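Visitor: here are the coordinates; sequence isn't available:
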């Protein structure tokens with residue numbers, strides 16, 4: 001009887017150990033992350049990144065928005081938001097030049113690149129044995145939500161990404177409800193670079209800015225151009241005669257007074273009516289959660305009457 005009891009206990013113990021091993025193996029398998037990146041490459045992580053290098057301001061912003069700022073050990077030179085990012089090791093990026101040696105010295109378990117990075121830069125990092133995930137720029141707000149979920153998976157912050165997406169969608173819905181009350185759709189010219197006032201750079205059709213201007217209850221004065229980023233002639237701008245001018249290049253020092261003083265611009269309705277506004281271009285040029293901040297700011301400038 002005693003021998004039978006010992007044998008039974010041994011069998012049960014063995015089953016318990018085998019079950020534990022199987023569970024551990026399954027957990028290990030489940031811990032792996034396999035995703036196809038923006039270059040069509042299959043990228044596999046054994047676990048979510050804990051030492052992450054961000055090569056794009058948008059990626060840095062997303063990681064902090066998801067609560068993963070403490071996991072970021074390196075960031076590009078242009079990552080200036082949030083303020084806490086300044087304390088993180090700068091790995092370069094000016095004129096597209098990154099310090100591969102600095103990145104490697106940080107011993108990252110994940111490098112997240114974006115479309116401001118080239119496939120050649122990605123390969124150079126991979127050749128050093130680093131795991132690199134390349135994020136393609138989303139084309140619309142729906143793509144932003146998917147992008148946040150992807151970064152959430154890569155950083156082990158999926159729950160936070162889901163919660164952030166829900167919050168952003170609710171804010172967008174509120175904007176839609178507000179804009180629905182508007183009685184007009186003003187024509188908006190968004191200036192990206194007015195260095196050459198005879199042919200300033202602007203946001204054409206098919207890009208984020210075009211979508212955001214329309215979502216904010218306006219119409220894009222450059223919608224008839226052939227690309228998302230293009231130059232518009234002063235002649236075409238005079239034909240369009242925008243009601244509002246937004247200066248995304250105010251970040252580089254452009255002011256409403258400078259625009260109002262340009263030769264040939266004085267007849268534009270936006271200038272006659274004094275509707276020239278500085279705008280924080282970072283809010284709408286970086287694909288991330290602050291795009292919704294930008295959308296909310298656009299509505300206030302395009303339809304101030306809805307907030308009176």
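Guide: On my side now, so go ahead. Since the structure is predicted, the reported quantities are computational estimates derived from the model, not experimental observations.
Visitor: and the next element down the chain from the longest strand seen in the chain?
Guide: Assignment by DSSP state E gives strand 187-193 as the longest strand of the chain. Toward the C-terminal end, the helix or strand that comes next after strand 187-193 (DSSP states H and E) is strand 201-203.
Visitor: next structured bit after that next one?
Guide: Downstream of strand 201-203, the next assigned helix or strand under DSSP H and E is helix 208-215.
Visitor: Identify all contacting residues around that next one.
Guide: Applying CB atoms under 8 Å, 6 or more residues apart in numbering, the contact partners of helix 208-215 are 139-141, 172, 175-176, 179, 188, 190, 203-204, 219-220, 222-223, 228, 284-285, 287, 291, 294-295, 298, 302. Just so you know, the C-beta spots here come from the backbone N, C-alpha and C atoms, and that holds for glycine as well.
Visitor: mind redoing it with 7 Å?
Guide: 140, 175, 188, 190, 203-204, 220, 223, 228, 284, 287, 291, 294-295, 298 (CB atoms under 7 Å, 6 or more residues apart in numbering).
Visitor: swap in stretch 144-161?
Guide: 33, 35, 45, 48-49, 52, 59, 62-63, 66-68, 71, 110, 112, 133, 135, 138, 164-165, 287, 289, 291.
Visitor: Poorly predicted segments of this protein, please.
Guide: Residues of the chain meeting the criterion pLDDT under 70: 1-30, 95.
Visitor: all helices for the chain, in order.
Guide: 2-31, 57-65, 100-105, 119-126, 141-155, 158-179, 208-215, 234-240, 256-260, 269-272, 282-285, 290-302 (DSSP state H).
Visitor: Highest mean neighbour count out of these?
Guide: helix 57-65 (a mean of 27; mean count of other CB atoms under 10 Å).
Visitor: What is the longest strand of the chain packed up against?
Guide: strand 201-203, helix 208-215, strand 219-220, strand 244-247 (3 or more CB pairs under 7 Å, 6 or more residues apart in numbering; DSSP states H and E).
Visitor: partner strands of it, parallel or antiparallel?
Guide: strand 201-203 (antiparallel), strand 219-220 (parallel), strand 244-247 (parallel) (DSSP bridges).
Visitor: what's the spacing between the closest residue to residue 67 other than its chain neighbours and residue 75?
Guide: Leaving aside its chain neighbours, residue 67 sits nearest to residue 160 (5.2 Å; criterion: CB to CB, 6 or more residues apart in numbering). Going from residue 160 to residue 75 by CB to CB, to the nearest Å gives 19 Å.
Visitor: Check residue 117 too.
Guide: 13 Å.
Visitor: now swap in residue 141 and tell me
Guide: Distance from residue 141 to residue 75, by CB to CB: 25 Å.
Visitor: again, but for residue 89
Guide: 7 Å.
Visitor: These two: which is more packed in?
Guide: Between residue 89 and residue 75, residue 75 has the larger neighbour count (other CB atoms under 10 Å), namely 27 against 14.
Visitor: isn't the more buried one right up against residue 52?
Guide: No. Residue 75 lies out of contact with residue 52 (CB atoms under 7 Å); the separation is 9.1 Å.
Visitor: For stretch 261-270, buried residues please.
Guide: 265, 268, 270 (16 or more other CB atoms under 10 Å).
Visitor: Give me the contacts around that stretch.
Guide: 189, 197, 234, 238, 241-245, 259, 271, 276.
Visitor: Residue ranges of each domain in this structure, please.
Guide: 33-169, 181-307 (automatic domain parsing).
Visitor: Tell me how far the longest strand of the chain lies from the chain's centre.
Guide: 21 Å (CA atoms, centre = their mean, to the nearest Å).
Visitor: That strand vs helix 208-215, what angle?
Guide: Orientation check (axes from the mean of the first three to the mean of the last three CA atoms, to 10 degrees): strand 187-193 against helix 208-215 gives 160 degrees.
Visitor: If you compare the directions of strand 187-193 and helix 290-302, what angle comes out?
Guide: Using the same axes, to 10 degrees, strand 187-193 lies at 130 degrees relative to helix 290-302.
Visitor: Other residues contacting strand 187-193?
Guide: For strand 187-193, using CB under 7 Å, 6+ apart, the contacting residues are 200-203, 209, 213, 218-222, 237, 240, 242-249, 270, 302.
Visitor: Nothing else from me, thank you.
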